[in-house]
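*Asks:* Could you look at this predicted model? Sequence included:
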Amino acid sequence: MILALRCLPDSGQILVHLALRYTDSSRWRFASGGLWTGLTIKQVKRKMLTPDAGWRGWRFVAPTGLGVLAAFLLLWGLADKYLWQDEAQTAVLATRMLRFGRPLAYDGLNLVTVDIFAAEDIRTISQRTTSPRAAIDYYVGRGDFKSDTVWKFHPWGQFIVAAASFKMLGQTTIAARLPFALAGILTVLLLYRWVEARFGSPLMAQLAAVFLVFNAYWILHMRQCRYYSLSSLFLVLTLMSYSLWQRRGLWGAVAFITAAWCWFEVDYGTVWPVLGVLFVDALLADRRNLWRPVLVGAALAASIAPFIYYYGLWGRLAAQEGAWPTRFRHTVFNLNEYVVPLPMALAAVALVAWRWKALPAAERRLLAIACGIMFALAIWVPSVAPGAYLRYVIIATPVACLLSAWVLVRGFNLRTTYAWLGAAVLVLTPWLSMPLHVLHRPSSLYPNSPVFRAELSTLRREIFAYRPDPNRLVIGWLRQNAAPSDEILINYEDLPLMFYLPNPIRGGLGAFRVEDDAKNPPSFLVIRHSTPFVHWPVFQREIDRYQWIAAPVNAPDIMWGNNPDPMAEAQDFNTERKIIVARRATGAEGAGIP
């Protein structure tokens, strides 16, 4: 915004010449010039920054409408599908937090472990399948949980949120997902408010929120009983509080430390690269008084350090799939395809660099931070995460939406109509993501189309259409046919059974107690042949010990239930191959059964 003030002699008038290069000119009273009489310069400034009276009654329409749309997409049919493996891990540990005051991996009946098959030691598996103690000792040594089986592989924030919901609403599917969906709605509203406040452009705020609401995989991840929505929310809160710290000193610093600490407690993986970018910016901006950002950093470090020790983060690195270059390519692909198209990110970098001196200091710093976060995640995720899954970068979508909105409104300085046309291209088509396909073609497992964003169809299908839910079908049959004390042998998706059923559950990715028949043999069997990442020889040995009577459960044999990752969309929910559900034959029932 360029403002020229000229006092007219002997008239007490101020002639105002205003060129709105960086704001939505339709929202302000004087877009090209005007005459205000009898006003001081301070009054002129106040008038210039006050929205038009006609807009005051309508300024809440856009955020309200976007909030309602977000609520519709995030809450509709939230309990239609049962929790899948990852969600159930959060839910089971939350129920144990309610029961024991801590998220225990082992409650004396069932064991929760980290589902990373690459971390499994195949050489020792036979030693762990007959004894609960041997299995627990192995996973303590691997770092899944502490010696008293208190969970430490994830911070406890998500368990506390889910436990509070269970306390108020009961142990149900809707209670498990609701607080996380509400966090997603709040993220949309806060992003709108923050962009409007920091950039002074309702148009830019509207575009950023629209990009977020219509990001199909962001919506699907926010509907999960998992830390994703909390991490996305605290990313926005951390950036908001950082801006406050840079403007207002002490109380802003307190807000920043609080937001960053809370973010660490829900996602201690993603927080580090973002904090690194923010403190680099703070140190560069306050070079003459380095003690200020150093003091804030020390206070934040002191608040986090006890938990770093408790969670055992020093030197801990998860087992990883594939080589670093492969994980890097997949991470960049996910960022380009589902978070921010690479041409849009590069345009933001180029435009910020080109206009660096012309941009207001606060604006260019925020934009540099946003670009830095995208770059940092592209390096950080393949370096520390178990695999290059979309879940590890999808939480940064609000920052990507800010960058895309800025490029259209401020970077290219488009008129409102053209900005919305550009937004439609970004939301509805994959065209801006397609240049990178020359270097990394989309996997056949991922839905894609050269004309229309295939994930929008995925979003419609996942929220509004019916599909068979294997977990609901299997659990429903077991609930009707198994007594609470009957032991169930299952090779994968064992955690949903722990959440919905009171039974002893044997198996899972770690093959817990699969061959522990000293007291009771398994009464029921649930086998997915679609799952390759399990200890198949162990399960086959136990299955061959008994004869089984197949149950008429028409559940599709697919790897996952409500998995929001793009690769899960390649699953054929109408497959003729069904999950094997059977009960163990006893006495004469077994005669003649192969």
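*Replies:* The structure has been received and is ready for your questions.
*Asks:* how near is the one residue sitting closest to the centre of the chain to Ala79?
*Replies:* By CA atoms, centre = their mean, the mean C-alpha position of the chain lies nearest to Tyr228, the distance being 2.7 Å. In this view, Tyr228 and Ala79 are 18 Å apart by CB to CB, to the nearest Å. C-beta here means a position set from N, CA and C on the backbone, and glycine is covered the same way.
*Asks:* Same question for Pro155.
*Replies:* Taking CB to CB, one finds Pro155 at 26 Å from Ala79.
*Asks:* out of those two, which sits in the more crowded spot?
*Replies:* More crowded of Pro155 and Ala79, by other CB atoms under 10 Å: Pro155, with 22 against 14.
*Asks:* Contacts only, for that one.
*Replies:* 264-268, 307, 311 (CB atoms under 8 Å, 6 or more residues apart in numbering).
*Asks:* Residue ranges of each domain in the chain, please.
*Replies:* 2-59, 85-173, 174-464, 470-590 (automatic domain parsing).
*Asks:* lowest-confidence stretch among those?
*Replies:* Mean pLDDT across those is lowest at domain 2-59; the value there is a mean of 41.
*Asks:* Is the residue nearest to the centre of the chain in contact with Arg391, as I believe?
*Replies:* Yes - judged on CB atoms under 8 Å, Tyr228 makes contact with Arg391 at a distance of 6.1 Å.
*Asks:* Residues that sit against both of the two, list them.
*Replies:* What both Tyr228 and Arg391 touch, as defined by CB under 8 Å, 6+ apart, is the set His221.
*Asks:* Sketch out the strands for the chain, chain order is fine.
*Replies:* 2-8, 13-19, 34-37, 488-490, 505-507, 524-527, 548-550, 580-584 (DSSP state E).
*Asks:* Show me where the stretch 251-400 of the chain has its helices.
*Replies:* Applying DSSP state H, counting those that start in this stretch to the stretch 251-400 of the chain gives helices spanning 271-285, 291-311, 324-334, 342-354, 361-384, 397-406.
*Asks:* Identify the residues contacting Trp548.
*Replies:* Per CB under 8 Å, 6+ apart, neighbours of Trp548: 525, 582-585, 593.
*Asks:* go on, Tyr338?
*Replies:* Contacts of Tyr338 by CB under 8 Å, 6+ apart are 215, 217, 390, 394, 455, 566.
*Asks:* swap the cut-off to 10 Å and go again
*Replies:* Applying CB atoms under 10 Å, 6 or more residues apart in numbering, we find Tyr338 in contact with 215-218, 221, 390, 393-394, 397, 400, 430, 433, 446, 453, 455, 566.
*Asks:* cool, Ala197 as well?
*Replies:* 205, 240, 243.
*Asks:* and the nearest residue to Val534 once chain neighbours are set aside, how many residues sit next to it?
*Replies:* Beyond its immediate neighbours in the sequence, the residue positioned closest to Val534 (CB to CB, 6 or more residues apart in numbering) is Asn491, lying 4.8 Å away. Around Asn491 there are 26 other residues, counting by other CB under 10 Å.
*Asks:* Now that Asn491 has come up, it's in contact with Val538, right?
*Replies:* Yes - between Asn491 and Val538 there is a contact under CB atoms under 10 Å: 9.2 Å.
*Asks:* Show the backbone phi and psi for Ala388.
*Replies:* Dihedral pair for Ala388: phi -90, psi 60, per degrees, to the nearest 10.
*Asks:* Quick check: it vs Leu525, distance?
*Replies:* Distance of Ala388 to Leu525, given as CB to CB: 34 Å.
*Asks:* ok, Leu497 - contacts?
*Replies:* By CB under 10 Å, 6+ apart, the contact list for Leu497 reads 88, 92, 110, 471, 474-475, 478-479, 482, 488, 490, 503-505, 507-508, 524, 526.
*Asks:* List the buried residues in stretch 182-200.
*Replies:* 182-192, 194-196, 198-200 (16 or more other CB atoms under 10 Å).
*Asks:* got it, and stretch 88-107?
*Replies:* Counting neighbours by 16+ other CB under 10 Å, stretch 88-107 gives 88-97, 102-107 as buried.
*Asks:* repeat for stretch 320-327
*Replies:* So for stretch 320-327, counting by 16+ other CB under 10 Å, buried means 320-321, 327.
*Asks:* Then stretch 575-591?
*Replies:* For stretch 575-591, by 16+ other CB under 10 Å, it's 578-584.
*Asks:* Can you name the residues that contact Tyr546?
*Replies:* Contacts of Tyr546 by CB under 10 Å, 6+ apart are 489, 517, 521-523, 525, 582, 584-586, 590, 593.
*Asks:* State the pair within those residues that is farthest apart.
*Replies:* Asp517 and Ile593 (19.1 Å; CB to CB).
*Asks:* Give me the buried subset of the contacts of Leu497.
*Replies:* Listed as buried from these are 88, 92, 110, 471, 474-475, 478, 482, 488, 490, 503-505, 507-508, 524, 526; burial here means 16+ other CB under 10 Å.
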